[in-house]
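Visitor: Predicted model and sequence below, questions to follow.
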Amino acid sequence: MTMKQPSYPRHIDLAPVHHVQGTVKLPGSKSISNRILLLAALSGGTTRIFDLLASDDTLVMLMALQTLGVKWEQIEGTQDYIVHGVNGVLPVHQADLFMGNAGTAIRPLTAALAVLGGDYTLHGVPRMHERPIGDLVDALNAVGMRIDYTGNPGYPPLHIRRGQLTSSRMKVRGNVSSQFLTALLMAAPLMAREEAMQIDVVGELISKPYIEITLNLMRRFSVEVERDGWQQFIIKPGQHYRSPGSIHVEGDASSASYFLAAGAITGGPIRVEGVGRDSIQGDVRFVEALELMGATITMGENWIEASSNGPLKAVDADFNHIPDAAMTIAVAALYADGPSTLRNIASWRVKETDRLAAMATELRKLGAQVEEGADYLTVTPPAEIGTATIDTYDDHRMAMCFSLASLDGALRRGNRVRINDPKCVAKTFPDYFDVFKKIAEQTLI
């Protein structure tokens, strides 16, 4: 395969940037890419996937599927792949799978493997072994699956053995990660052989737009899910995943946030291509937050443009629906005309790192006053943004967010920023810093 990753220095130094403008073609969505790969693998028929994301997380899924006996090939010179579906029967029944730090890979694979049965172990990098998976495992074991913890209870590594479905009704908590419900939904047609499978969500469901992505893609692969609001989902029996023939991966809406915010901070305009008003990704609603901050947003079918004429306004808003893209707002708040509060973001704590703590620590380095709560963050911008060395915690979004601190806004200028360990962007956007530099007109000092 030719999913070649660039090499990275130990750190990247960004000089102050006076202005940014231009057009960015976005990489494919990670959430869509890994969902499509698994659905294509489980389907009957062959699927051609256009514009799959080239990243660490998709590579993890591709390698896991290959180990499980799923055949796929990459079309030379492109990010297009052909996946030969196994029609719900995996060729390999015993495997050891390395899942890196890819939540979008380990969670749905855990559910699918538990239902299909076999002898599988799943493990990852140390941080993956700190990311909770207990609610998903509890939901599966409660209906007869056999998943054991081989390390700390509630966390990977996992050992999956063949179980026996004992119930047609499952329950899962919704307030830790929407990926648990996504995993159960994607595996449910494999369980609903003779009678309907019902999934009940206990408590509040967070990150609802990500469930919308799951339901949309399942529909593309010929499985319909009935639901009662966000509390109950029903998969009728006899449905089977069927290849749509071909499917296109949208540009990543979370990745769009950095460039759109750059346009809002410096005036722009910045246009991103690959995602637009017809997107199935909830993170396109990031633009609503930018509009609250005073930016001008225009959208087409497959593009979004951001510009501004004046300083950004402070915001106080609920960001539960766009937790990944909300990180960009936290850095954009450095350029606002007062304190901004991001609410209902407790899910940040169980991501690639504890993003609430990490964001607070690094924003303070730039001179901001930050109040960190259990599920909120208040950022009071400094009089001047300071020079800083930003630690990234092996978290791609930390690295990309803090590149914005080098920009000149209407109220305050950016400063020199050193980004440590920039290779973490390979998780979703391997050439991010190259693309960032192309839109930046660097101010020589």
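Guide: Right, received. Where do you want to start? Residues are numbered from 1 along each chain as shown.
Visitor: Which parts of the stretch 301-445 of the chain are helices?
Guide: Taking DSSP state H, counting those that start in this stretch, the helices of the stretch 301-445 of the chain run over residues 323-332, 355-365, 396-402, 432-439.
Visitor: repeat for the stretch 151-300 of the chain
Guide: Residue ranges of the helices in the stretch 151-300 of the chain, as given by DSSP H, counting those that start in this stretch, are 178-191, 208-220, 253-266, 286-292.
Visitor: again with the stretch 1-150 of the chain
Guide: With DSSP H, counting those that start in this stretch as the criterion, the stretch 1-150 of the chain has helices spanning 30-42, 56-67, 103-116, 134-141.
Visitor: So which of these is nearest Ser307?
Guide: Comparing the helices of the stretch 1-150 of the chain against Ser307 with C-beta to C-beta, the closest turns out to be helix 30-42 (27.1 Å). (Glycine included, C-beta is placed from N, CA and C.)
Visitor: So which elements touch the closest one?
Guide: Helices and strands touching helix 30-42, as assessed by 3 or more C-beta pairs under 8 Å, 6 or more residues apart in numbering; DSSP states H and E, comprise strand 46-50, helix 56-67, strand 81-84, helix 103-116, helix 178-191, helix 208-220.
Visitor: what are the C-alpha coordinates of that helix, in PDB please?
Guide: Extracted in PDB, the C-alpha atoms of helix 30-42 (Å, rounded to 0.1, in the frame of the first residue of the first chain):
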ATOM      1  CA  LYS A  30     -11.800   9.900  10.100                       C
ATOM      2  CA  SER A  31     -15.200   9.100  11.500                       C
ATOM      3  CA  ILE A  32     -16.600   8.300   8.100                       C
ATOM      4  CA  SER A  33     -13.500   6.500   6.800                       C
ATOM      5  CA  ASN A  34     -13.400   3.900   9.600                       C
ATOM      6  CA  ARG A  35     -17.100   3.400   9.700                       C
ATOM      7  CA  ILE A  36     -17.200   2.800   5.900                       C
ATOM      8  CA  LEU A  37     -14.200   0.400   6.100                       C
ATOM      9  CA  LEU A  38     -15.900  -1.900   8.700                       C
ATOM     10  CA  LEU A  39     -19.300  -1.700   7.000                       C
ATOM     11  CA  ALA A  40     -17.700  -2.500   3.600                       C
ATOM     12  CA  ALA A  41     -15.900  -5.500   5.200                       C
ATOM     13  CA  LEU A  42     -19.100  -6.900   6.800                       C
END
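Visitor: Mind listing what's buried along that helix?
Guide: Within helix 30-42, the residues that qualify as buried by neighbour count (16 or more other C-beta atoms under 10 Å) are 30-42.
Visitor: before we move on, back to that, redo the helices of the stretch 301-445 of the chain as TSV? Include mean neighbour count and distance to Leu190.
Guide: As requested, these are arranged in TSV below (neighbours: other C-beta atoms under 10 Å; distance: least, C-beta to C-beta, whole Å):
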stretch	mean neighbour count	distance to Leu190
helix 323-332	27	28
helix 355-365	21	33
helix 396-402	27	31
helix 432-439	17	36
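Visitor: right, so of these, which gets closest to Ala15?
Guide: Taking C-beta to C-beta as the criterion, helix 432-439 is the member of those that comes nearest to Ala15, at 10.1 Å.
Visitor: The closest one - what's its average pLDDT?
Guide: Helix 432-439 carries an average pLDDT of 95.
Visitor: Can you tell me which helices and strands it packs against?
Guide: Using 3+ C-beta pairs under 8 Å, 6+ apart as the contact criterion, the elements in contact with helix 432-439 are strand 22-25, helix 253-266.
Visitor: Packing partners of the last one?
Guide: Just to be clear, that refers to helix 253-266. Contact here means 3+ C-beta pairs under 8 Å, 6+ apart; on that basis helix 253-266 packs against strand 17-20, strand 270-273, helix 286-292, strand 303-307, helix 323-332, helix 396-402, helix 432-439.
Visitor: related to what we said a few turns ago, which of the helices and strands packed on helix 432-439 sits closest to His321?
Guide: Of all the helices and strands packed on helix 432-439, helix 253-266 sits nearest to His321, with 12.0 Å by C-beta to C-beta.
Visitor: Quick check: can you list the domain ranges of this protein?
Guide: With domains defined by the TED database, the chain comprises 11-28+251-434, 30-239.
Visitor: Enumerate every residue touching Leu184.
Guide: Listed by C-beta atoms under 8 Å, 6 or more residues apart in numbering, the contact set of Leu184 reads Ala111, Leu136, Ala139, Leu140, Met170, Val172, Ile199.
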